[in-house]
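*Asks:* model the following, please.
(one chain, ligands or ions: 1)
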Amino acid sequence: MQCQEFLEVAERWMEGECDTAASAHLDACPRCRALVADLGAVRDGARLLEAETEPPARLWTAIRSQLEAEGVIRPRRSWGERLADFFPTQPRPALAAAYVSVLVVAAILISFQGVGEWNQPMVLSTPA
Ligand SMILES: [Zn+2]
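*Replies:* Numbering: from 1, shown residues only. You can find the predicted model right below:
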């Protein structure tokens, strides 16, 4: 087997396919042995990289907790919790007082206008 022939079967040989001619060539050829060693290192490195690019879920949880504790991000809240902010079920005394004040002012204004209408002289239509 020549180097060119070995290159054609190298990938299958590295995946474990038994080829006695390829094995014999590797024993005799330092160039192909070096190539197989390099390819093996690249393959192993790629596997490590694959494993490292997908961090475990617990790592994300820990990072999120840390960022929330530092105030960098706010805790994830459900739509229900966000809606509750707009439509509070708990009474808010300050807000209730503001509503009552607006109602009282409106009632006073309306009553003054009503008095004004009542105090105006009644205009009678004169017969033509
Ligand atoms: Zn060779």
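*Asks:* number of nearby residues for Leu48?
*Replies:* By other CB atoms under 10 Å, 10 other residues sit near Leu48. The C-beta positions use only the backbone N, C-alpha and C, and glycine is treated the same way.
*Asks:* after the helix or strand where it lies comes which helix or strand?
*Replies:* Using DSSP states H and E, Leu48 maps to helix 30-53. As assigned by DSSP H and E, the chain's next helix or strand after helix 30-53 is helix 57-69.
*Asks:* does the helix holding Leu48 come close to the ion?
*Replies:* Yes. For helix 30-53, a contact with the ion is found by CB under 5 Å from the ion, at Cys32.
*Asks:* average pLDDT for that helix?
*Replies:* Helix 30-53 carries an average pLDDT of 86.
*Asks:* just how off-centre is it within its chain?
*Replies:* Relative to its chain's centre, helix 30-53 lies at 34 Å (CA atoms, centre = their mean, to the nearest Å).
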